[in-house]
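> Make a model of this:
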Amino acid sequence: METLAEREKEELQLARLKETVKRVVENTPFYQKKFGESNVHPDDIQTLDDIQKLPFTVKKNLRENYPFGLFAKPVNELERLHASTGTSGKPTVVGFTRNDLNVWAEIVARAIAACGGEPDGVLHNAFGYGLFTGGLGIHYGSEKLGMTTVPISGGNTERQIMVIEDFKPTVITGTPSYVLNIIEKMEQMGKDPRETSLKYGIFGAEAWSEEMRRNLEQRLGIKAMDIYGLSEVMGPGVSIECKEAQNGLHIADDHFYVEVIDPETLEPVPEGEEGELVFTSLTKEAFPVIRYRTGDIASITKEPCECGRTSVRMSRVKGRIDDMLIIRGVNVFPSEIESALLEMEEFVPHYQLAITRKGALDKVVLNVEINEEVYQAVDGDMNHELIKTLGTKISKKLKSSCLVTIDTQIQSPGKIPRSEGKAIRVIREPKEATVSNT
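A predicted model of the protein is given here:
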């Protein structure tokens with residue numbers, strides 16, 4: 001499936017698309033109504049291009065039909081339910097039949113194998129377990145591949161280190177920000193992270209930059225790959241980087257059809273141009289989705305990959321539409337700020353953006369943290385002239401890289417909260433933030 005010829009793959013996708021469209025129209029009142037409003041019938045799908053006739057699905061639709069209104073199967077025929085990890089309001093709920101779970105496990109097994117995982121190896125799974133799809137999605141894929149799986153989840157960092165040292169895993173999975181936390185803790189304990197048995201890292205659930213990749217690889221002595229997925233489409237494994245190229249994420253396009261659209265006009269954009277990712281599931285039974293707008297910004301390419309896979313590849317996600325900041329009229333994603341920050345060796349890869357409303361505009365303050373070496377050099381004096389110089393340096397760097405001036409506040413080591421799951425990069429505050437060292 002990963003090396004299908006283009007024509008063979010398109011024939012498979014079209015056959016599966018027709019089945020999915022028929023399934024949702026027959027079994028889901030929501031889609032019955034949407035297709036009726038769009039004046040589209042399942043028989044209208046004769047080519048893959050006809051997918052553009054179909055209506056979009058957005059996250060709001062899931063919330064409005066909470067909990068089971070978009071399901072194509074009754075709950076008593078399901079094997080499992082998952083839900084989003086949102087902290088406010090009703091979560092988005094997704095379901096899986098037994099066959100869905102088997103397919104998901106196979107897709108994730110393929111993904112882990114693409115990243116260097118092998119049968120009889122050991123995988124340390126630091127993704128969170130529970131309603132979040134990350135932990136269990138990776139878990140069953142790892143077992144499907146034949147790996148010994150350590151379901152440690154997130155948190156309890158010192159115990160994570162002990163288990164890594166004692167169980168000798170070759171693969172670690174988790175959010176990049178939490179694995180960075182593990183690395184820091186090892187260094188604080190006087191241990192060398194590069195001396196572990198780990199060879200490969202599979203990181204996801206948050207946007208992260210190439211600079212973060214280099215930081216993780218150098219400090220942990222591994223190859224770091226990006227995995228992508230979202231609960232509404234399936235969970236982890238929708239796409240994955242390969243260890244050979246680490247250049248674009250291979251989409252499991254025998255199971256998912258991808259489009260990239262302009263989020264304002266909703267028209268498709270040319271191959272290679274950035275836009276909003278849109279996915280249609282091709283094989284899901286319980287919770288099929290039609291043209292689901294992910295809110296994630298990326299591009300796609302059909303160019304051959306050196307690993308030999310023929311699947312469409314997507315770029316790493318630049319950010320989410322709703323994460324985009326407009327600073328003095330300039331669009332900026334947190335990942336772009338991260339890239340600039342990590343090019344400066346005086347700072348550690350932890351930061352937070354504090355957003356406050358000032359009149360009709362958002363005001364942004366970047367909180368960054370110096371490393372221990374700089375802190376020792378200024379003898380703990382955060383008003384030292386060197387700190388002021390660094391404030392000027394990072395402002396110039398951000399101006400050059402992101403084309404915008406961002407106020408910065410430099411913190412001492414350990415001041416910015418560490419993540420045990422998804423990193424919180426953007427904080428919206430009710431009052432204007434105090435700014436220094438600009």
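> Isn't Lys399 up against Thr405?
Yes. Shown here, Lys399 and Thr405 form a contact pair, counting by Cβ atoms under 8 Å, at 5.5 Å. C-betas here are computed from N, CA, C, even on glycine.
> by contact count, what packs against the lengthiest helix in the chain?
Taking DSSP state H as the criterion, the chain has its longest helix at helix 6-27. Applying 3 or more Cβ pairs under 8 Å, 6 or more residues apart in numbering; DSSP states H and E, we find helix 6-27 packed against helix 29-38, strand 275-281.
> residues contacting the residue lying closest to Tyr129 once chain neighbours are set aside?
Nearest non-adjacent residue to Tyr129, counting by Cβ to Cβ, 6 or more residues apart in numbering: Gly135, 3.6 Å away. Gly135 makes contacts with Asn125, Phe127, Gly128, Tyr129, Pro151, Ser153, as judged by Cβ atoms under 8 Å, 6 or more residues apart in numbering.
> And the strand or helix carrying Gly135, how far out from the chain middle?
Taking DSSP states H and E as the definition, Gly135 sits inside helix 133-145. Centre-to-centre, helix 133-145 and its host chain are 16 Å apart (Cα atoms, centre = their mean, to the nearest Å).
> Mind checking what helix or strand follows it in sequence?
strand 148-150.
> quick one: buried residues of that following strand?
Buried positions in strand 148-150, judged by neighbour count with 16 or more other Cβ atoms under 10 Å: Thr149, Val150.
> What mean pLDDT does the longest helix of the chain get?
For helix 6-27, mean pLDDT is 97.
> Identify each buried residue in stretch 310-323, please.
Applying a neighbour-count criterion of 16+ other Cβ under 10 Å, one finds Thr310, Ser311, Val312, Arg313, Met314, Ser315, Arg316, Val317, Lys318, Gly319, Arg320, Asp323 buried in stretch 310-323.
> Closest one of those residues to Val332?
Gly319 (9.0 Å; Cβ to Cβ).
> Quick check: end-to-end length of stretch 70-78?
Terminal residues of stretch 70-78 lie 14 Å apart, using Cα to Cα, to the nearest Å.
> Now do that stretch, average pLDDT.
In the prediction, stretch 70-78 has an average pLDDT of 97.
> who touches it?
Residues contacting stretch 70-78 (Cβ under 8 Å, 6+ apart): 23-24, 27-28, 30-31, 57, 61-62, 68, 81, 95-97, 285-289.
> Buried by neighbour count: which residues of it qualify?
Residues of stretch 70-78 classed as buried: Leu70, Phe71, Ala72, Lys73, Leu78 (neighbour count, 16+ other Cβ under 10 Å).
> quick one: contacts for Gln382?
Check again: residue 382 is Met, not Gln. By Cβ under 8 Å, 6+ apart, the contact set of Met382 is Ile410, Ser412.
> What distance do you get for it to Thr20?
Look at Met382 and Thr20: by Cβ to Cβ, to the nearest Å, they are 57 Å apart.
> what does Cys307 give?
28 Å.
> the domain parsing of this structure - what is it?
Domain ranges of the chain: 96-320, 324-429, per automatic domain parsing.
> which of these is buried the deepest?
domain 96-320 (a mean of 20; mean count of other Cβ atoms under 10 Å).
> Could you pick out the longest strand of the chain?
Longest strand in the chain, counting residues (DSSP state E): strand 347-358.
> Sketch out the low-pLDDT regions of the protein for me.
Counting by pLDDT under 70, the chain has low-confidence residues at 85-89, 326, 328-329, 357-362, 429-438.
> so where do the helices sit in it?
Under DSSP H, the chain gives helices at 6-27, 29-38, 59-64, 98-114, 133-145, 157-167, 176-188, 210-220, 334-342, 372-377, 385-402.
> Ok, which of those helices comes nearest Gly272?
Closest among these, using Cβ to Cβ: helix 6-27, at 17.0 Å.
> between the closest one and helix 29-38, what angle do the directions make?
Calculated by axes from the mean of the first three to the mean of the last three Cα atoms, to 10 degrees, helix 6-27 forms an angle of 110 degrees with helix 29-38.
> Output helix 6-27 as CSV, nothing but the C-alphas.
Extracted C-alpha coordinates of helix 6-27, given in CSV (Å, rounded to 0.1, in the frame of the first residue of the first chain):
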residue,chain,number,x,y,z
GLU,A,6,-0.3,6.5,-8.8
ARG,A,7,-3.1,5.1,-11.1
GLU,A,8,-3.6,2.1,-8.9
LYS,A,9,-3.8,4.2,-5.8
GLU,A,10,-6.3,6.6,-7.3
GLU,A,11,-8.5,3.7,-8.3
LEU,A,12,-8.5,2.4,-4.8
GLN,A,13,-9.2,5.9,-3.3
LEU,A,14,-12.1,6.5,-5.7
ALA,A,15,-13.7,3.1,-4.8
ARG,A,16,-13.3,3.8,-1.1
LEU,A,17,-14.5,7.3,-1.4
LYS,A,18,-17.7,6.1,-3.1
GLU,A,19,-18.3,3.6,-0.3
THR,A,20,-17.7,6.2,2.4
VAL,A,21,-20.1,8.8,0.8
LYS,A,22,-22.8,6.2,0.4
ARG,A,23,-22.3,5.1,4.1
VAL,A,24,-22.6,8.6,5.5
VAL,A,25,-25.7,9.5,3.5
GLU,A,26,-27.4,6.3,4.4
ASN,A,27,-26.5,6.3,8.1
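> No further queries at this time; thank you.
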